[in-house]
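S.K.: sequence first, predicted coordinates after that:
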Amino acid sequence: MKKIIILIISFFLFINSLEALEISDYKLLKKNNPKALDNYLLGVLNGLMVAETWAEIRGLYKNKNKLIFCLPGDLVLNSQNLMTFIEEQHEKDIKANIRNYDKQLVALLLIHRLETVFPCK
């Protein structure tokens, strides 16, 4: 029973430590624990999509131009797509001399790239 409790506590501590993943930690996680990174990225995407849908349903956006991004209806993104988007945005920010680019949050890099690649029209 003790082992189960320790495992559960460890799990929640691990998940909690992934709340605001910086790009430097992303690189380490990609190398050392890609499955955890996959789960994290899919969770971020699901959270973004739920927030967008909720805001649209509740009428918080008066028109689609205020949505952050609009995925084509038949498109299904996987974690590899998300990693590509994150890494592309990070490289773009490095070239633009963004300050503290190794401290950027992965979720913000993803949002920025999704907004660029899938703008609402």
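M.R.: Yes, it's here. Numbers count the residues shown, from 1 in each chain.

S.K.: for the chain, what spans make up the helices?
M.R.: 2-17, 23-32, 34-57, 79-95, 106-117 (DSSP state H).

S.K.: averaging pLDDT over each of those helices, which comes out lowest?
M.R.: Among the helices of the chain, helix 2-17 carries the lowest mean pLDDT, a mean of 47.

S.K.: of all the helices of the chain, which one comes closest to Pro72?
M.R.: With distances scored as C-beta to C-beta, the stretch of those nearest to Pro72 is helix 106-117 (10.7 Å). Bear in mind the C-beta positions are built from the backbone N, C-alpha and C, glycine included.

S.K.: residues making contact with the closest one?
M.R.: 20-23, 26, 40-41, 44-45, 48, 68-69, 71, 82, 85-86, 88-90, 93 (C-beta atoms under 8 Å, 6 or more residues apart in numbering).

S.K.: 7 Å instead, please
M.R.: Helix 106-117 is contacted from outside by 21, 23, 26, 44, 48, 68-69, 82, 85-86, 88-90, using C-beta atoms under 7 Å, 6 or more residues apart in numbering.
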